[in-house]
Every structure is written in C-alpha cells, then in structure tokens.
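Participant: This is the structure alone, sequence omitted:
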C-alpha cells in the first residue's frame, strides 16, 4: 500500500503489474495524480487508487529521456512559429488599447 504522498519528477514501480512510471503532476484540488509510464502512456489516478497501490520508489529507466525526443514524422506536425523580423520590431507595431481605457494605467 502506498502510504506516502508521491513527489513530482520521481519514478515509482507498481509492484503488482511491474510497471515503471513517473509522477508528472499533482492536483490537490481534485485529488488526482498524473503519471507517465516508461512507454510514454499518460494516466491519471485519484488519491484513493494511489493509496491502494503497492508502489516502491525506483530509479528512472536507462532510456527515459528518449520519451521526450520527437520522431521525424512528429517533427513535421509541430506548432513551430517562424518569424522573419526581430522581436523589437513586433513590439513597436503594437498600439495601446484605448477602447477599454487600459492605456491609462
């Protein structure tokens, strides 16, 4: 039984099913834990489910950083923003919004 609160960024092993996973987020308001298994699958657990699991803190898998490397076909569909000008040019073209009186602040 998992009696401790999980820590974001730590790796754990679910002893019952022999799967490694990393805690990627905790939501105290909704009492949920977001986890990512070593194969990249993302899941959400509630704290009741976590307390029923038999988990042990574990070392990360050897190739865990490869989860964040995009394959060539995934790179083709990313949301890259390409700008030909410098960022200072973009800021000078902005005008204050006088409709709501926000330029007075």
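Facilitator: Done, it's in. Keep in mind the model is a prediction, meaning the values are calculated, not measured.
Participant: So residue 5 belongs to a helix, correct?
Facilitator: No - using DSSP: H, G, I helix; E, B strand; the rest coil, the secondary structure at residue 5 is coil, not a helix.
Participant: Give me the neighbour count for it.
Facilitator: 12 (other CB atoms under 10 Å). Glycine gets a C-beta too; all of them are placed from N, C-alpha and C.
Participant: try residue 35
Facilitator: 21.
Participant: Can you give me the buried ones in the helix or strand harbouring it?
Facilitator: Assigned by DSSP states H and E, residue 35 belongs to strand 32-37. Under the neighbour-count criterion of 16 or more other CB atoms under 10 Å, strand 32-37 has 32-33, 35-36 buried.
Participant: which residues sit against that strand?
Facilitator: 6, 19-27, 42-47, 50, 67 (CB atoms under 8 Å, 6 or more residues apart in numbering).
Participant: about what we covered before: got the buried residues of strand 32-37 as TSV, with distance to residue 58 columns?
Facilitator: TSV is the format used below for these (distance: CB to CB, whole Å):
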residue	distance to residue 58
32	21
33	16
35	13
36	14
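Participant: before we move on, back to that, neighbouring strands of the helix or strand just after the strand holding residue 35 in the sheet, and parallel or not?
Facilitator: Counting by DSSP H and E, the next helix or strand C-terminal to strand 32-37 is strand 42-46. Looking at strand 42-46 with DSSP bridges, its partner strands are strand 32-37 (antiparallel).
Participant: State the mean pLDDT of the partner strand.
Facilitator: Mean per-residue pLDDT for strand 32-37: 92.
Participant: Buried residues, the helix or strand containing residue 24. List them.
Facilitator: Element membership for residue 24, per DSSP H and E: strand 19-27. By 16+ other CB under 10 Å, the buried positions in strand 19-27 come out as 20-23, 26.
Participant: hang on, residue 48 in a strand?
Facilitator: No - membership of residue 48 in a strand is not supported by three-state DSSP, which gives helix.
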